[in-house]
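# sequence unavailable; structure follows:
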């Protein structure tokens, strides 16, 4: 299973970093940037904070998914947002991503009593092969400080 997790980290492009998982708050002034742009800002071995959803299975033909949803507040320079994590079985990445977005929006609303300005999501799904080799999927929000 560890090898499967390493392969998922490589697929995400974050295998070279020391990952520290954090809870689900988007800090004020945080800006969402493209993965390729963000990876250029990081140095191998660096300690990197992340909100991560992870799912693994070795059940043949099992569809697994991992997703995060991000609720960005209207006044994102002064206010915080929320990131949700969702991992599931039997869902496509599209379905899991949509659910993670709804979850982030609902959690944001329960705090603020208002809806966020924007919802983003990222998701990955995979089907375990017929031999039952361990398969892992991750979705992650990586913070660049």
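Arrived safely, thanks for sending. Model, not experiment: these values are computed from the prediction.
# show me the longest helix that occurs in the chain.
If you go by DSSP state H, the chain has its longest helix at helix 93-112.
# if you average pLDDT over that one, what comes out?
For helix 93-112, the mean pLDDT works out to 96.
# tell me which residues in the next helix or strand after that helix are buried?
The first helix or strand that comes after helix 93-112 along the chain, using DSSP states H and E, is strand 118-127. Residues of strand 118-127 classed as buried: 119, 120, 121, 122, 123, 124, 125, 126 (neighbour count, 16 or more other C-beta atoms under 10 Å). Glycine gets a C-beta too; all of them are placed from N, C-alpha and C.
# contacting residues around the second one?
Residue 120 makes contact with 32, 69, 70, 72, 101 under the criterion C-beta atoms under 8 Å, 6 or more residues apart in numbering.
# residue 131: which of these is nearest?
residue 69 (32.8 Å; C-beta to C-beta).
# pull the contacting residues for the residue of the chain most remote from its centre.
Relative to the C-alpha centroid of the chain, counting by C-alpha atoms, centre = their mean, residue 131 is the outermost residue, at 27.5 Å. Residue 131 makes contacts with residue 60, as judged by C-beta under 8 Å, 6+ apart.
# average pLDDT across the helix or strand where residue 7 lies?
Using DSSP H and E, residue 7 maps to helix 2-12. Helix 2-12 shows a mean pLDDT of 95.
# that helix: which residues count as buried?
So, applying 16+ other C-beta under 10 Å, buried residues of helix 2-12: 4, 5, 8, 9, 12.
# how far away from the center of its chain is it?
For helix 2-12, the separation from the chain centroid amounts to 14 Å (computed by C-alpha atoms, centre = their mean, to the nearest Å).
# ditto for stretch 87-105
11 Å.
# list the buried ones in that stretch?
So stretch 87-105, judged by 16+ other C-beta under 10 Å, has buried residues 87-88, 91, 93, 95-105.
# follow-up on the earlier one: mind listing residues that contact the helix holding residue 7?
By C-beta under 8 Å, 6+ apart, helix 2-12 touches 15, 19, 54, 56, 124, 133-140.
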